[in-house]
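coordinates only, no sequence provided:
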């Protein structure tokens, strides 16, 4: 049975004191659902977050990592460095990394390989832009992103992969795919996995929706059969809102 997961991507927000305050607020919240909870602070605060949440059931994820184990890559962080401070999850392929830092499917495949080689879990993001959706190419774009970055993997690797569908036109815009649009795409993603790896693998992989999820719409989105949770941006920066989304299951 696949897991329900709600992950908060804090992006480039919160200095140390703000991070400590948000972590303290998170620990005061009550979880009434069976969803797993993950938060992804900025890299300089990962160690602090992991220490603060160590005795809780909230996991910590990095927002990015390099594909190399070590070397002359100024400013980068490797999988083994993340593991050394207790971080075992990483977000890869977020649309902002693709857009602002020119991350390609080929580069992301190398990052995925490096994370899996270090026994990390990957939240792998993908999704179409508004022009793709208007042209009716959203399924082709999503299929290409998944195949190019992940379909070189063996089926067993998907035990450590969480997929996150994020229509780029709905990230930070206030726009949200309708629950029906989210379900249709998630069903297509699961079918794409099944065609390559079989139904058992496809049915075991959690597929999250990312794109302006809020307390007001989370229950309806999460109620769809192929939506297994959310990758939450802005709403994850307020503990009460974030846990309202967690408890939407």
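Arrived safely. Note that the structure is a prediction, hence the values are computed from the model and not measured.

contacts and neighbour counts: CA atoms only from here.
Noted.

so where's this structure shaky on pLDDT?
172 (pLDDT under 70).

tell me which residue of the protein is furthest from the middle?
residue 72 (27.9 Å; CA atoms, centre = their mean).

secondary structure class for that residue?
coil (DSSP: H, G, I helix; E, B strand; the rest coil).

next SSE after the lengthiest helix in the chain?
Ranked by number of residues, the top helix in the chain under DSSP state H is helix 179-197. Using DSSP states H and E, the next helix or strand after helix 179-197 towards the C-terminus is helix 199-204.

returning to that earlier point: for the residue farthest from the centre of the chain, give me phi and psi.
Residue 72 has phi and psi values of phi -80, psi 70 when expressed as degrees, to the nearest 10.

ok, now residue 104?
phi -100, psi 170.

where do the helices sit along this protein?
Along the chain, the segments classed as helices by DSSP H run 16-28, 46-53, 79-84, 95-100, 105-117, 130-134, 138-150, 179-197, 199-204, 215-222, 239-246.

ok, back up a step: quick check: the gap between the residue farthest from the centre of the chain and residue 78.
12 Å (CA to CA, to the nearest Å).

residue 168 reaches residue 132, doesn't it?
No. With contact defined as CA atoms under 8 Å, residue 168 does not reach residue 132; the gap is 9.9 Å.

the two - which one has more neighbours?
More crowded of residue 168 and residue 132, by other CA atoms under 10 Å: residue 168, with 22 against 18.

next, the buried residues of stretch 31-38.
Across stretch 31-38, burial judged by 16 or more other CA atoms under 10 Å covers 35-38.

in JSON lines: those residues, plus distance to residue 136.
Below are the buried residues of stretch 31-38 laid out as JSON lines (distance: CA to CA, whole Å):
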{"residue": "35", "distance to residue 136": "33"}
{"residue": "36", "distance to residue 136": "34"}
{"residue": "37", "distance to residue 136": "34"}
{"residue": "38", "distance to residue 136": "33"}
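
and these, which of them are in strands?
Using DSSP state E, the subset of those located in strands is 36-38.

pick the one among those closest to residue 189.
Nearest to residue 189, judged by CA to CA, of these is residue 36 at 21.4 Å.

ok, the residue lying closest to that closest one once chain neighbours are set aside to residue 69 distance?
Excluding its sequence neighbours, the residue lying closest to residue 36 (CA to CA, 6 or more residues apart in numbering) is residue 5, at 4.6 Å. Distance, residue 5 to residue 69, using CA to CA: 29 Å.

got the contact list for the residue most central in space within the chain?
Among the residues of the chain, the one closest to the centroid is residue 123, at 4.1 Å (CA atoms, centre = their mean). For residue 123, the contacting residues are 89-92, 161-164, by CA atoms under 8 Å, 6 or more residues apart in numbering.

dump the residues you listed to TSV, plus neighbour count.
As requested, the contacts of residue 123 are arranged in TSV below (neighbours: other CA atoms under 10 Å):
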residue	neighbour count
89	28
90	23
91	23
92	26
161	21
162	21
163	24
164	29
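
between those residues, which sits nearest residue 174?
Closest approach to residue 174 among the contacts of residue 123 (CA to CA): residue 164, at 18.2 Å.

show me what contacts that closest one?
Counting by CA under 8 Å, 6+ apart, residue 164 makes contact with 123-126, 207-210, 230-231.

before we move on, what about residue 127?
Counting by CA under 8 Å, 6+ apart, residue 127 has contacts 95, 138, 141-142, 145, 165-168.

what's the most distant pair in the contacts of residue 164?
126 and 230 (13.3 Å).

more neighbours: these two, which one.
Neighbour count, other CA under 10 Å: between residue 126 and residue 230, residue 230 has more, with 28 against 24.

so who does that one touch?
By CA under 8 Å, 6+ apart, the neighbours of residue 230 are 5-7, 164, 208-210, 213, 222.
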